[in-house]
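Peer 1: Build the 3D model from these lines:
(chains A and B)
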2 protein chains.
Amino acid sequence: MNGSGTAPAVPRPAYRRLSVEQRRSQLLAAALGLFAQRAPEDVSLDDVATAAEVSRPLVYRYFPGGKQQLYEAALRSAADELEQCFAEPETGPLTQRLGRALDRYLTFVDQHDAGFSALLQGGSVVETSRTTAIVDEVRRAAAEQILLHLGAPEPSPRLRTTVRMWIASVEAASLIWLDENKQPSGASTSAVPQALNSSPELSTSPPSPGTAGAAPRAALRAELRDWLVDHFVALMTATAARDAETARVIRAALKLEAHDGPAGDFARRLLPVVSDAAHLL
Amino acid sequence: MNGSGTAPAVPRPAYRRLSVEQRRSQLLAAALGLFAQRAPEDVSLDDVATAAEVSRPLVYRYFPGGKQQLYEAALRSAADELEQCFAEPETGPLTQRLGRALDRYLTFVDQHDAGFSALLQGGSVVETSRTTAIVDEVRRAAAEQILLHLGAPEPSPRLRTTVRMWIASVEAASLIWLDENKQPSGASTSAVPQALNSSPELSTSPPSPGTAGAAPRAALRAELRDWLVDHFVALMTATAARDAETARVIRAALKLEAHDGPAGDFARRLLPVVSDAAHLL
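Peer 2: Numbering: from 1, shown residues only, chains lettered A, B, ... in the order given. Next comes the predicted model:
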C-alpha cells in the first residue's frame, strides 16, 4: 500500500535488538539515572520501564527481585564508578593528587545528587545490610588509595583512623553541600544575611536558584575541594603530633609540596590565624 | 504452718506494684540494656520480658507496636541521655569544656557499645526515617552546643559545616574504637606488630581481651578524647584560614587557652612536625 520502497518501516521495538548484557546495562543505566535524581521511595518499576522505553514485565524478567534488586545492582554499578574516581598516578605533591581525586568525587556526588543523599542519610526503605556493605566497601577503597599514596599500606592504627575520620567528614561536607545547593543562598544555614557571615568568594553556598550555571557550580566545587584538602593536611598534621608513623608520613609528604602549591598557600593563610597563639608555645 | 511470724511471705510479683509510668520506664530500661549490648536483630520481645521479669503480653500491652516501637522508644530515651552529655558551663578554656563533654560522650558510647555501632552503621532491620531523625537531632544538638560555646549561635556556613564535619569524624572514630575494643590489640588494623606502629601510650587500641579492666579503658578513653580535641582545634584553625568568622572565633578561643592546657600541649607537639615545612612559607 505504501508506494515508496525506501520509506522506513515502523521500527520494531529497539529492545529486541539488544543482547542480554546490553539490555541489562540499559536497564541499569535507566535505573541509576532515576535513583540519582530521586529518593528510592519515589522511584517505581514503572518509572524505570518508561525511562528505558521497555515494558514493566521486561524489567521484571531481568530483575525478578523487583525494585530492591534493581536498586542494589544500580548501587553496585555506581560504587564501581566511584571507586574509579580514586585512581590517581603516584607522582607529584600529595595535595594535588588528592585534589584531582576529590574533583572527580565531587563531580560524581553532584551528578548523583538525591540518590547520594538518600543513600548516606540512611533510613531508606531499600537500605539493607547489603547496601550498607557496598557503601563501606567504597569507603575502604578510598582509605586504601590514600594510604597507598602516603606510602603507608600497613598504617598505624592512628594513621588509618585519621584517614577514615577525614573520609567521614568529607561525606558530611558533601551532604551539606548538596542540601544547600537546593536552597536559596544561606537560607538553610542562618537567619543572618549571607553577606554578614562571610565574604562571597569564601562561601560554600551557591548562588540563588536560577543563577547557578555550570561555571559557578564548577567554581563552588573547586572551593569545596581546596577546603577539604586543607582539612586533610590539618588532620594528618594533628595526628602526627601524637603518632610517630603519621609524623614520618607527613614529613615526607610535606617535602614534596611546593611553595606555590596548595600546601604552601594553606601554610601562608594559616600564619595570621596562629600568630595570636604565641603564648601557647 | 510456718512458725515464724517475721519470716517474709513469698512476695507477689513486683510488677503489680508499679505505676503505669514506672512500669514503662522499667521496660524501657530493660530494652535499652539489651539493645545496648546486641544488634537489634538479636533482641526479641521475649528477651525484654525476661530481662524485666514480666510476661510477654505485658510488654505488648505497653508497646503494642512490638519490637519496632520498643526500639524507637529506647532510642529516644538514649538520645535524651546523650544530649545531656553535651551540657557544659560556659567558663574556662574551650578545649577543656570540649574535653569534659567528650569524656561523657565516650563513656556513653562505651556503655552502649553494640547498640551504638548497629545504630550508626545502618542497614539495621529497625532503622526507619524516624530512627534516622532521632540520630540527626542528636547531631544537631551537639553542633548547637559547640557553636554556643564558640560564641557563634548564628555561624557562617563554613563554620557550621566544620563543626558538623568534626562531629561526623568523631562518630567514625567512635565506631572504630568500639570495633577494635572487641579484638586483640592491633589485629584488625595491621599485619605489623603494634609496637612497630606507635608507642603504647599513644595507641587507641586496647590491651588484649581479658587484661582490659576499668582503669585501662578509662585511660584509653582519655587518650581518644585528647586526640579528638586536637582534631577539633586543627579543623577549626584550617577553616579559619579561609573564613573570616571562623578566624574571629578561633582567635578569641585561643586567647582563653593556657600554656599548660591541651592547646598549649598540642601547639608544642606540633612544632617539630611543621618545622620541616619552612619552604612552604
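Peer 1: Let me see the ranges of the strands in the stretch 51-200 of chain A.
Peer 2: Secondary structure of the stretch 51-200 of chain A (DSSP state E, counting those that start in this stretch): no strands present.
Peer 1: Low-confidence regions, it specifically.
Peer 2: A:182-200 (pLDDT under 70).
Peer 1: hmm, 80 instead?
Peer 2: A:122-125, A:181-200 (pLDDT under 80).
Peer 1: the helices in it, which residues?
Peer 2: A:56-62, A:66-85, A:94-121, A:129-149, A:157-181, A:194-197 (DSSP state H, counting those that start in this stretch).
Peer 1: So the second one, near chain B or not?
Peer 2: Going back to what we said before, that points to helix A:66-85. No: Helix A:66-85 is not in contact with chain B by C-beta under 8 Å from any C-beta of the partner chain; minimum separation 11.8 Å. C-beta: built from backbone N, CA, C; applies to glycine.
Peer 1: That helix vs helix A:94-121, what angle?
Peer 2: For helix A:66-85 against helix A:94-121, the angle by axes from the mean of the first three to the mean of the last three C-alpha atoms, to 10 degrees is 170 degrees.
Peer 1: Helix A:66-85 packs against which elements?
Peer 2: Contacts defined by 3 or more C-beta pairs under 8 Å, 6 or more residues apart in numbering or on different chains; DSSP states H and E place helix A:66-85 against helix A:20-37, helix A:45-52, helix A:94-121, helix A:129-149.
Peer 1: For A:G151, give its distance to chain B.
Peer 2: A:G151 sits 14 Å away from chain B, going by C-beta to the nearest C-beta, to the nearest Å.
Peer 1: Next up, phi/psi of that residue, please.
Peer 2: Dihedral angles of A:G151 (phi, psi; degrees, to the nearest 10) stand at phi 70, psi 30.
Peer 1: Among the helices of the stretch 51-200 of chain A, which comes closest to B:A214?
Peer 2: helix A:157-181 (21.8 Å; C-beta to C-beta).
Peer 1: and that closest one with helix A:129-149, angle?
Peer 2: 120 degrees.
Peer 1: Just the buried residues of helix A:157-181, please?
Peer 2: A:157-178, A:180-181 (16 or more other C-beta atoms under 10 Å in any protein chain shown).
Peer 1: how far does that helix sit from the chain's center?
Peer 2: Centre-to-centre, helix A:157-181 and its host chain are 10 Å apart (C-alpha atoms, centre = their mean, to the nearest Å).
Peer 1: Any residue of it touching chain B?
Peer 2: Yes: interface with chain B: helix A:157-181 contributes A:157-158, A:160-161, A:164-173, A:176, A:180 (C-beta under 8 Å from any C-beta).
Peer 1: one step back: most tightly packed of the helices and strands packed on helix A:66-85?
Peer 2: Stretch with highest mean neighbour count among the helices and strands packed on helix A:66-85: helix A:94-121 (a mean of 20; mean count of other C-beta atoms under 10 Å in any protein chain shown).
Peer 1: helices or strands up against that helix?
Peer 2: Helix A:94-121 packs on helix A:20-37, helix A:66-85, helix A:129-149, helix A:157-181, helix A:214-240, helix A:262-274, going by 3+ C-beta pairs under 8 Å, 6+ apart.
Peer 1: Could you list the buried residues of the longest one?
Peer 2: Neighbour counts over helix A:214-240 (16+ other C-beta under 10 Å) mark A:217, A:220-221, A:223-240 as buried.
Peer 1: what does the average pLDDT come to for it?
Peer 2: The average pLDDT within helix A:214-240 is 93.
Peer 1: what's the angle between that helix and helix A:157-181?
Peer 2: Here helix A:214-240 runs at an angle of 160 degrees relative to helix A:157-181 (the same axes, to 10 degrees).
Peer 1: coming back round to it: of all the helices and strands packed on helix A:94-121, which one comes closest to B:L147?
Peer 2: Closest approach to B:L147 among the helices and strands packed on helix A:94-121 (C-beta to C-beta): helix A:157-181, 14.4 Å.
Peer 1: packing partners for that closest one?
Peer 2: The helices and strands touching helix A:157-181, judged by 3+ C-beta pairs under 8 Å, 6+ apart, are helix A:94-121, helix A:129-149, helix A:214-240, helix A:244-256, helix B:157-181, helix B:214-240.
Peer 1: try it again with 7 Å
Peer 2: helix A:94-121, helix A:129-149, helix A:214-240, helix A:244-256, helix B:157-181 (3 or more C-beta pairs under 7 Å, 6 or more residues apart in numbering or on different chains; DSSP states H and E).
Peer 1: Can you lay out those as JSON lines showing distance to B:Y105?
Peer 2: Shown next, in JSON lines, are the helices and strands packed on helix A:157-181 (distance: least, C-beta to C-beta, whole Å):
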{"stretch": "helix A:94-121", "distance to B:Y105": "22"}
{"stretch": "helix A:129-149", "distance to B:Y105": "23"}
{"stretch": "helix A:214-240", "distance to B:Y105": "19"}
{"stretch": "helix A:244-256", "distance to B:Y105": "24"}
{"stretch": "helix B:157-181", "distance to B:Y105": "8"}
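Peer 1: who wins for proximity to B:G123 among those helices?
Peer 2: helix A:129-149 (3.3 Å).
Peer 1: Could you tell me the end-to-end distance of stretch A:48-68?
Peer 2: Taking C-alpha to C-alpha, to the nearest Å, stretch A:48-68 runs 13 Å from one end to the other.
Peer 1: which ones among the buried residues of helix A:214-240 come in contact with chain B?
Peer 2: A:227, A:230-231, A:234-235, A:237-238, A:240 (C-beta under 7 Å from any C-beta of the partner chain).
Peer 1: Can you tell me which of those is nearest A:L102?
Peer 2: Using C-beta to C-beta, those come closest to A:L102 at A:W227, 9.8 Å.
Peer 1: was I right about the closest one contacting B:R242?
Peer 2: Yes: contact criterion C-beta atoms under 7 Å: A:W227 and B:R242 qualify, at 6.0 Å.
Peer 1: can you count the residues close to A:S44?
Peer 2: By other C-beta atoms under 10 Å in any protein chain shown, 13 other residues sit near A:S44.
Peer 1: Give the full set of residues in contact with the nearest residue to A:A52 once chain neighbours are set aside.
Peer 2: Once flanking residues are discounted, A:A52 sits nearest to A:A30: 3.8 Å by C-beta to C-beta, 6 or more residues apart in numbering or on different chains. Counting by C-beta atoms under 7 Å, 6 or more residues apart in numbering or on different chains, A:A30 makes contact with A:48, A:51-52.
Peer 1: quick one: which of those residues is nearest B:F63?
Peer 2: The nearest one, if we look at the contacts of A:A30 relative to B:F63 and count by C-beta to C-beta, is A:V48, at 38.1 Å.
Peer 1: Quick check: the gap between that closest one and A:R130.
Peer 2: As defined by C-beta to C-beta, to the nearest Å, A:V48 lies at a distance of 19 Å from A:R130.
Peer 1: next one: A:S169
Peer 2: Using C-beta to C-beta, one gets 26 Å for the distance from A:S169 to A:R130.
Peer 1: likewise A:Q22?
Peer 2: Counting by C-beta to C-beta, the separation of A:Q22 from A:R130 is 26 Å.
Peer 1: what's the answer for A:A241, then?
Peer 2: Distance from A:A241 to A:R130, by C-beta to C-beta: 40 Å.
Peer 1: for A:D260, same thing?
Peer 2: To A:R130, A:D260 is 47 Å away according to C-beta to C-beta.
Peer 1: quick one on the thing from earlier: just send the helices of the stretch 51-200 of chain A back as JSON lines, with distance to A:V249 too.
Peer 2: Listed next are the helices of the stretch 51-200 of chain A as JSON lines, based on distance: least, C-beta to C-beta, whole Å:
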{"stretch": "helix A:56-62", "distance to A:V249": "47"}
{"stretch": "helix A:66-85", "distance to A:V249": "23"}
{"stretch": "helix A:94-121", "distance to A:V249": "10"}
{"stretch": "helix A:129-149", "distance to A:V249": "9"}
{"stretch": "helix A:157-181", "distance to A:V249": "7"}
{"stretch": "helix A:194-197", "distance to A:V249": "36"}
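Peer 1: All set, thanks.
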